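Colleague: Structure here, sequence nowhere to be found:
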DNA sequence: GAGATTCGCCTAACCTGATTAGGCAGGACG
DNA sequence: CGTCCTGCCTAATCAGGTTAGGCGAATCTC
């Protein structure tokens, strides 16, 4: 019997690629088994079930995104950091639509705790450091940034902004300018 | 044979309620058939297939949400309108989590064209009227509002803001204040 | 290096959900 | 009162998910 060398990691990485190719929705154990030339049942030594597989892909994508954002933000501050942060986020969604969808897969408490959620929040705070916001305002701003970026990228990749003028890129730039302006005048007390 | 009186409309409305109860994901033809005390196959005279059913629920929810937002915004302007718009959106998501999830179901071009998408964009523009934004800035602002509200409500209902101080309501209020301030100083030329 | 053990993948089987084809019965309508 | 239409049914098929148990190849032990 040909041993393909399945491991949890292999499956999750292949799952991430598959998600980008055919969509996170359609990334099923059966599909992965097909791609590995293996019977579906063979996956069950490596992942508990389909839900587990998807959770794994989601955590993988969250880590990967956190790495990219971390790199992008390193050594920058203020608007520069804000822009780098936002673009890293948006670029990831465009380059890896399936993985981006995966990052929004609802995680149960344990998975969320284990995941890169904390890293993302930390990076968001790092970007905001340049704006000198005190708590609780910083947290409010973190939530604003998360909402805008998540929302924009989701709507954009769902086709919400295509086929209509002006260009999405233009809106993106203007929104980032706006956010920068807003953060500079955000209430500090 | 007991005739239950299935129609496309009945199924979609029941689907909306079911989605709120057990989640949009699990709102399947089989589940609806169970609830009507009917065989699954019997639904297929009224909806084309499972995807069609979900699209129907999505369109229903989009209309319903548009009605609510329309009511909320009527007779208001400026920050008042902005707040009413935003709260109508958020309240809907909290009261009807399944339907809200449904509103994000990816629609194919025909369904999207038939749906309430245009109404939502119109209402957004109506809210912004008080801020006197010229094109293309108004469109950018429409996209910002859509992103913030979609993003915030999605993250909030995914539990992103719970279990951590400060309260989500506080962030929401401060974010709306911030958006209002931003829109008042948004570039007009 | 030969037997014991582990472990990766397989076969077989079953469940749930989606979907289609064709049937029957009961109310509407002449 | 007969006929038709329509609403729901039975039967059957298919795909995906999941479990139980088997077999053989790789690795370990002495």
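Modeller: Nice, I can see it. Predicted, not measured: the structure shown is a model, and the values here were computed from it.

Colleague: So for the longest helix anywhere in chain A, mean pLDDT?
Modeller: Scanning chain A for the helix with the most residues, using DSSP state H, yields helix A:50-73. Per-region confidence: helix A:50-73 scores 96 on mean pLDDT.

Colleague: Going by neighbour count, list what's buried in that helix.
Modeller: For helix A:50-73, a neighbour-count test (16 or more other C-beta atoms under 10 Å in any protein chain shown) marks A:52-62, A:64-66, A:68-70, A:72-73 as buried. (Glycine included, C-beta is placed from N, CA and C.)

Colleague: now stretch A:30-41
Modeller: Buried, per 16+ other C-beta under 10 Å, within stretch A:30-41: A:31, A:32, A:33, A:36, A:38.

Colleague: Quick one: the strands in chain A, in order.
Modeller: Taking DSSP state E as the criterion, chain A contains no strands.

Colleague: interface residues of it facing chain B?
Modeller: By C-beta under 8 Å from any C-beta of the partner chain, the residues of chain A that approach chain B are A:104, A:106, A:112, A:136-137, A:139-140, A:143-144, A:146-152, A:154-155, A:158, A:160-161, A:164-166, A:168, A:170-171, A:174-175, A:177-179, A:181-182, A:185-187.

Colleague: From the residues you listed, list the buried ones, please.
Modeller: For the residues of chain A next to chain B, buried by 16+ other C-beta under 10 Å: A:104, A:112, A:137, A:139-140, A:143-144, A:146-152, A:154-155, A:160-161, A:168, A:171, A:174-175, A:177-179, A:181-182, A:186.

Colleague: which ones among these come in contact with DNA strand D?
Modeller: Among these, proximity to DNA strand D is found for none (C-beta under 7 Å from any atom of the strand).

Colleague: in chain A, what residue is nearest chain B?
Modeller: Chain A approaches chain B most closely through residue A:151 (2.7 Å), counting by C-beta to the nearest C-beta.

Colleague: how much space is there between that residue and DNA strand D?
Modeller: For residue A:151, the distance to DNA strand D (C-beta to the nearest atom of the strand, to the nearest Å) stands at 29 Å.

Colleague: Of the buried residues of helix A:50-73, which are in range of DNA strand D?
Modeller: Answer for these near DNA strand D: none qualify (C-beta under 7 Å from any atom of the strand).

Colleague: Centre of the chain to the lowest-mean-pLDDT helix or strand in chain A, how far?
Modeller: Sorting the helices and strands of chain A by mean pLDDT, DSSP states H and E puts helix A:109-114 at the bottom, at a mean of 78. Taking C-alpha atoms, centre = their mean, to the nearest Å, one finds the center of helix A:109-114 at 16 Å from the center of the full chain.

Colleague: now swap in stretch A:173-189 and tell me
Modeller: 23 Å.

Colleague: Residue A:4 and residue A:39 touch, don't they?
Modeller: No - counting by C-beta atoms under 8 Å, residue A:4 does not reach residue A:39; the two are 10.8 Å apart.

Colleague: List the contacts of residue A:163.
Modeller: The contact partners of residue A:163, by C-beta atoms under 8 Å, 6 or more residues apart in numbering or on different chains, come to none.

Colleague: how close does it get to residue B:113?
Modeller: Distance, residue A:163 to residue B:113, using C-beta to C-beta, to the nearest Å: 11 Å.

Colleague: wait, what's in contact with the residue lying closest to residue A:105 once chain neighbours are set aside?
Modeller: Residue nearest to residue A:105 in three dimensions, not counting chain neighbours: residue A:58, with 4.0 Å by C-beta to C-beta, 6 or more residues apart in numbering or on different chains. Contacts of residue A:58 were listed using C-beta under 8 Å, 6+ apart, and they are A:102, A:103, A:104, A:105, A:107, A:111, A:115.

Colleague: what about 7 Å?
Modeller: A:102, A:103, A:105, A:107 (C-beta atoms under 7 Å, 6 or more residues apart in numbering or on different chains).

Colleague: Show me the helices in chain A, by range?
Modeller: So, for chain A - with DSSP H - the helices run A:8-22, A:29-36, A:50-73, A:78-95, A:97-103, A:109-114, A:117-129, A:137-157, A:168-184.

Colleague: any idea which of those scores lowest on pLDDT?
Modeller: Of all these, helix A:109-114 has the smallest average pLDDT, which comes to a mean of 78.

Colleague: who touches that one?
Modeller: Contacts of helix A:109-114 (C-beta under 7 Å, 6+ apart): A:55, A:59.

Colleague: Mind doing that once more with 10 Å?
Modeller: Contact partners of helix A:109-114, identified using C-beta atoms under 10 Å, 6 or more residues apart in numbering or on different chains, comprise A:51-52, A:55-56, A:58-59, A:62, A:105-107, A:117-118, B:158-160, B:163.

Colleague: List the buried residues for it?
Modeller: For helix A:109-114, the neighbour count (16+ other C-beta under 10 Å) marks A:111, A:112 as buried.

Colleague: Same check on stretch A:127-136?
Modeller: For stretch A:127-136, a neighbour-count test (16+ other C-beta under 10 Å) marks A:127, A:128, A:130, A:131, A:133 as buried.

Colleague: May I see the residues you listed arranged in TSV, with distance to DNA strand D as well?
Modeller: Below are the buried residues of stretch A:127-136 laid out as TSV (distance: C-beta to the nearest atom of the strand, whole Å):
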residue	distance to DNA strand D
A:127	38
A:128	40
A:130	45
A:131	45
A:133	44
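
Colleague: farthest pair in these?
Modeller: Of all pairs drawn from those, the widest gap by C-beta to C-beta lies between A:127 and A:133 and measures 10.8 Å.

Colleague: so what's in contact with these two at the same time?
Modeller: Common neighbours of residue A:127 and residue A:133, using C-beta under 10 Å, 6+ apart, are A:141, A:142, A:183.
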